[in-house]
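Participant: just a sequence and a predicted model for now, questions to come.
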Amino acid sequence: MRLITFVHDGKEKIGGWIDQDRKIVDLARAADLGGQSDPAMASMLALIEAGSAAWDRARALIKAAPPGAVISTADCKILAPLPRPTQIRDCLTFPGHLQGAAKIQAERLINASPDPAKARAEIEASGRLEVPKAFYDFPLYYISNRMAVVGPDVDIAWPPYSQTIDYEMEWAAVIGKEVRNATKDTARDLIFGYTVFNDWSARDEQMRAMQAGALNLGPAGGKDFCNGVGPCIVTADEIPDPYVLDMNVSVNGEQVSSGNSSGMYFKFEDLLVFLSRGTSLYPGELICSGTVGGGCTFETGMVLRPGDVIELEVEKIGKLRNRVVAPHIK
C-alpha cells in the first residue's frame, strides 16, 4: 500500500494512492460504503495502532474500492503521511556521510592555509579523513521534534536565528508494533512501512551548539525547527529488499547528488534491536536513517538561497518536495 494523509473538502483523511498516484481511495469513505464504519481508518496513527487485521482490511478496500470512495489527487492537499509521529529518533547509519563531511571540512582548512600542500599532507597523515572507529561500535542517535513535521509542497521557514540552512537526504522506517528488547530475527516484522525524511538543519546554529566548549549539547536549535516527511508511507510488504534503493537530491530541478540505501552500515533491524534494549518502541515512531553520503550541502559545498526548491527522492517511495523561504535574508 501507498498510504497518505490528505485534506479533501476541508477534512483531514487517510487514503491509499492508486492509478500511479493520480487517484486516492478514501479509506473511511470506502469502509462506510462497504456497510461498516471503521475507527481504524480515522487517521494514519489509528490505522497503524489497530494492527495487522486493520492493515489487511485497508489493503482490501484499496484493491476493490467502491467508486464513491475514489477521488482525484489533484482535488486534494497532501499532508505528511504521519502528521504527529509517536516519536522521531534520527540515527547515524551512513559512513559515507561522515567521509564526505570530513573531506569538505578538510578542503576548507587547506584552502585557508598559507601552505596548502603542507596542510593537506598533515590532514591526510592525521587520519581525519577516515571514519572514526567509534562509529562502528553502536548506533548514535538523537530524539527530534515530533511536533515540527511538514509534508510535501510546504514552504520551509528558514529560522530567524540562522543564516545557513541545509537539507539532509534520509529515509525512515515506521514502527508498526510495540516492542521491547527486539531481536535481529524479529525486527523486520516490526516495521509497518517506509517514508522519505528530510532532516532540515540550521547549520550555523547546530555548529554553535555542538562546539560550545566541552558541553557539546547539540544539535539543539539546529535541528529543532522542522522535519520533512512524505509524500507517503509505503508498507513493508511492497519493498521486500529495502537496502537496494536509489536516493537522489535535486535543487531547482537539477540533480545534485545521488546515493543508495545499501550504504547503511547499521540497517533498520540493527537500530530496532539497539533502540529497544530495556525500553519500549511504539507504533507510529519514525526511526530515521541519517544522511546518505553526499546528501546535504555540507558535503557538496552548495549554498542554499531563499526560494530554492529541494526534492528528495527514494526509489519505490516517491519524491518529497519543499521550498525554503527566508524573509530575514536579503
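Facilitator: Looks like it arrived, so ask away.
Participant: tell me the contacts of S162?
Facilitator: Residues counted as contacts of S162 (CB atoms under 8 Å, 6 or more residues apart in numbering) are 202-205, 222. C-beta: built from backbone N, CA, C; applies to glycine.
Participant: among the residues you listed, who's most crowded?
Facilitator: Neighbour tally across the contacts of S162 (other CB atoms under 10 Å): the maximum, 26 neighbours, falls on A202.
Participant: so it sits right up against Y161, yeah?
Facilitator: Yes: at 7.1 Å, A202 counts as touching Y161 under the criterion of CB atoms under 8 Å.
Participant: which residues do these two both contact?
Facilitator: The contact sets of A202 and Y161 overlap at G221 (CB under 8 Å, 6+ apart).
Participant: sorry, back to before: mind listing which of the contacts of S162 are in strands?
Facilitator: Using DSSP state E, the members of these that fall in strands are A202.
Participant: got phi/psi on A134?
Facilitator: A134 adopts backbone torsions of phi -60, psi -20, taken as degrees, to the nearest 10.
Participant: scratch that, Q163 is what I was asking about
Facilitator: phi -110, psi 0.
Participant: now swap in V251 and tell me
Facilitator: Main-chain torsions, V251, degrees, to the nearest 10: phi -120, psi 120.
Participant: how close does it sit to T297?
Facilitator: Going from V251 to T297 by CB to CB, to the nearest Å gives 9 Å.
Participant: between these two, who's got more neighbours?
Facilitator: Ranked by neighbour count (other CB under 10 Å), V251 and T297 place T297 first, with 23 against 18.
Participant: for the more buried one, what are its contacts?
Facilitator: Taking CB under 8 Å, 6+ apart, we find T297 in contact with 166-167, 303-304.
Participant: how does it look with 7 Å?
Facilitator: With contact taken as CB atoms under 7 Å, 6 or more residues apart in numbering, T297 is in contact with 166, 303-304.
Participant: distance to Q255 and secondary structure for those - can I get that in TSV?
Facilitator: TSV is the format used below for the contacts of T297 (distance: CB to CB, whole Å; DSSP: H, G, I helix; E, B strand; the rest coil):
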residue	distance to Q255	secondary structure
D166	17	strand
V303	17	coil
L304	16	coil
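Participant: want to throw those into a markdown table with neighbour count and distance to A58?
Facilitator: Below are those laid out as a markdown table (neighbours: other CB atoms under 10 Å; distance: CB to CB, whole Å):
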| residue | neighbour count | distance to A58 |
| --- | --- | --- |
| D166 | 25 | 36 |
| V303 | 10 | 43 |
| L304 | 17 | 38 |
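Participant: the stretch 101-250 of the chain: helices as residue ranges?
Facilitator: For the stretch 101-250 of the chain, the helices defined by DSSP state H, counting those that start in this stretch cover 116-126, 203-210.
Participant: which of the ones you listed is buried the deepest?
Facilitator: Mean neighbour count (mean count of other CB atoms under 10 Å) peaks for helix 203-210 among these, with a mean of 18.
Participant: hmm, who's touching that helix?
Facilitator: 159, 161-164, 166, 216-223, 298.
Participant: what do you get for stretch 301-317?
Facilitator: Here stretch 301-317 makes contact (CB under 7 Å, 6+ apart) with 104, 158, 165-167, 169, 171, 194-196, 198, 232, 234, 239, 245-252, 256, 297, 319-326, 329.
Participant: repeat that for 8 Å
Facilitator: Residues outside stretch 301-317 that contact it (CB under 8 Å, 6+ apart): 104, 158, 164-167, 169-171, 194-196, 198, 228, 232, 234, 238-239, 245-253, 256, 261, 297, 319-326, 329.
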